[in-house]
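> Got a predicted structure plus its sequence, pasted below:
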Protein chains: 2
Amino acid sequence: MAGDGTIGKACDVLEQVAAFGRPVRFAELLESSSFPKASLYRFLQSLTNQGMLSYDPDRQTYSPGLRLVRLAHSAWTQSSLAPIARPILDGLSLETGETVHLAQLDSSQVLYVDKRNAKNPVEMYSEAGKVGPAYCTGVGKAMLAFLDDDRLDKAISQQSFHRFTDKTLTSEAVLRADLARIRERGFAMDDEEHEPGIICVACPILTSGGRVLGAISITGSTQRMDFDQLKKWVPRVRRSADQIGSEAEAWRFPEGRKDRMQAS
Amino acid sequence: MAGDGTIGKACDVLEQVAAFGRPVRFAELLESSSFPKASLYRFLQSLTNQGMLSYDPDRQTYSPGLRLVRLAHSAWTQSSLAPIARPILDGLSLETGETVHLAQLDSSQVLYVDKRNAKNPVEMYSEAGKVGPAYCTGVGKAMLAFLDDDRLDKAISQQSFHRFTDKTLTSEAVLRADLARIRERGFAMDDEEHEPGIICVACPILTSGGRVLGAISITGSTQRMDFDQLKKWVPRVRRSADQIGSEAEAWRFPEGRKDRMQAS
DNA sequence: AACTTGGTTTCATTATTTGGAACCTCAAAA
DNA sequence: TTTTGAGGTTCCAAATAATGAAACCAAGTT
């Protein structure tokens, strides 16, 4: 995919290990890797040293390292909208009683950073960090619709357009048409495009300058409701999105100190 | 700190950005960085490209990127004990009614990967990902005590021995003595060494081969209880720790497929 | 004992990183 | 409007690190 020198390659390896979703042997990685034996080996060594990967000497397997969890903690509190959005999401969830998602874009994919489920308790990590396709989810399309041209082109070029259901938009042209409509009316709809029976409405979260920060959505199932009912919530969702946007923007860093932070 | 070529340097930069705990300007980073302008610049570029950092063009600031959240999700489910330990922690928490911590070692620091609080609901990310000192926490000492010599030496050399309270163990010798006792009796005690009024007992989580996987602890406050009461739970904690250890070990990967996983 | 599979190390070659310095750029001051 | 300067960005020859074919090693297998 990428090509930022050594850093890019290291990230590729990292991603590859993560993609397996289970501890992997060297040989398995080698097989699905474009790097030659020795190179891959050294990358794994370095990444393991750095704690970005962890190595199980008993089983001789690699998996994503705990250092990532620590760093992600940082990313979560700083760079995600989640901490700001939390109370707003709570309110939205309480008021609507429906499933609420907060998502942001991560390399042209939808990254869910928070969620409220009508029923289950929070169960954070299980949702936060999950990814989904941008071209066929409400939050995804809501964000795409308000991207500037460059970014949009890049993002679209990275969509798979896999047909999840028979309503999935599977071509760039159709998607672009839908995005235009979304831009007009200010919110996106997902009409069973990703999962059958699942519909949703989503609004983008924008800065005052129009930059896309994320999106929130309300999801329902066709069994219990239709779009007419769901659309009733749009103004409420829009309001929440705007609120998150302006709070995010207002959150100027509090004129920080110069000394480095230091744990332990 | 480290020196694994380019990868190590990139990680340093990443860590540095994360350490600020807020979005940082280039100039601020440059100041506290050992890299020259141009080098630092290129690292930031590459890392940003890769989504490991995110750049806010309005404010011209860097912060840890969302890709980390995605990767950490992977790390969390795979490499941490959390998913295995969850039900066991629940049980322990329910039965004791006290605060329960699950921690693992990350570059000689204690990384909390899960927690049960007697009162509050889960609030995951706020605890998961937090770090603490190893030499003056129950979980930390429980893990250190069962490290092999090499690792222990390395870990000890990386402790700050900062005096948090007047009971903090502030020298290597004292710590080593305590670790020896912990090794004998099989559990660690934190007697207000990190926070005044906070005491805890902790047991290491080990593989059958004796490798340290993590530790769990039960925490109490001196207002409500003393060590005699707390120690009553030790067998229960030990049992939970052993259970987590053996389940972690049993969790052999389910004879995976060879094809690569693919999101979106 | 010879063979195989999976992992690690070597080393001359090659490509990347490096960092001082020059160069932009934008905004505030003159 | 011009000047100034701090904050960013780009250049390029020298220094360094990555590369990968091949050799090597360690454990199991036949």
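Nice, thanks for sending it over.

> Show me which residues of the stretch 1-150 of chain A are close to DNA strand D?
A:6, A:9, A:35-39, A:42-43 (C-beta under 7 Å from any atom of the strand). In this view, the C-beta of every residue, glycine as well, is placed from N, C-alpha and C.

> among the residues you listed, which are in helices?
Taking DSSP state H, the ones among those that sit in helices are A:6, A:9, A:37-39, A:42-43.

> of those residues, buried ones?
The neighbour-count test (16 or more other C-beta atoms under 10 Å in any protein chain shown) applied to those identifies A:9, A:43 as buried.

> Just the closest of the ones in helices among the residues of the stretch 1-150 of chain A next to DNA strand D to residue A:107, please.
Closest approach to residue A:107 among those (C-beta to C-beta): residue A:9, at 16.1 Å.

> Next, work out how far apart the residue in the stretch 1-150 of chain A that DNA strand C sits nearest to and chain B are.
Scanning the stretch 1-150 of chain A for proximity to DNA strand C using C-beta to the nearest atom of the strand identifies residue A:5 as nearest, at 2.2 Å. With distances defined as C-beta to the nearest C-beta, to the nearest Å, the gap from residue A:5 to chain B amounts to 6 Å.

> Next up, the contacts around the residue lying closest to that residue once chain neighbours are set aside.
With C-beta to C-beta, 6 or more residues apart in numbering or on different chains as the criterion, residue A:5 has its nearest non-adjacent residue at 6.5 Å, and that residue is residue B:46. By C-beta atoms under 8 Å, 6 or more residues apart in numbering or on different chains, the contact list for residue B:46 reads A:4-5, A:7-8, B:10.

> Quickly find the element holding residue B:46.
Under DSSP states H and E, the secondary-structure element containing residue B:46 is helix B:37-49.

> Equivalent analysis for residue A:200, please.
Using DSSP H and E, the secondary-structure element containing residue A:200 is strand A:198-206.

> List the strands paired with that strand, with their directions.
Partner strands for strand A:198-206, per DSSP bridges, with pairing direction: strand A:188-191 (antiparallel), strand A:212-221 (antiparallel).

> roughly how far out does that strand sit from the chain middle?
If you compare the mean C-alpha spot of strand A:198-206 with that of the full chain, they lie 14 Å apart, counting by C-alpha atoms, centre = their mean, to the nearest Å.

> same question, stretch A:92-105
Relative to the chain's own centre, stretch A:92-105 is displaced by 15 Å; criterion: C-alpha atoms, centre = their mean.

> Return the set of buried residues in it.
Of all the residues in stretch A:92-105, those buried under the rule 16+ other C-beta under 10 Å are A:92-93, A:96, A:98-105.

> so where is the stretch 101-250 of chain A shaky, pLDDT-wise?
Applying pLDDT under 70 to the stretch 101-250 of chain A flags the ranges A:118-127.

> Might one say that residue A:48 is in contact with residue A:64?
No - under the criterion of C-beta atoms under 8 Å, residue A:48 lies out of contact with residue A:64, with a separation of 10.9 Å.

> Walk me through the domains of chain A.
A:5-68, A:80-250 (automatic domain parsing).

> Could you pull up the mean pLDDT of the shortest one?
If I follow you right, that is domain A:5-68. Looking at domain A:5-68 alone, the average pLDDT works out to 87.

> Just the terminal-to-terminal distance for it.
Distance between the two ends of domain A:5-68: 21 Å, counting by C-alpha to C-alpha, to the nearest Å.

> residues in contact with residue A:232?
Applying C-beta under 8 Å, 6+ apart, we find residue A:232 in contact with no residue.

> Please, where are all the strands along chain A?
Counting by DSSP state E, chain A has these strands, from start to end: A:53-56, A:61-64, A:99-106, A:109-116, A:131-132, A:188-191, A:198-206, A:212-221.
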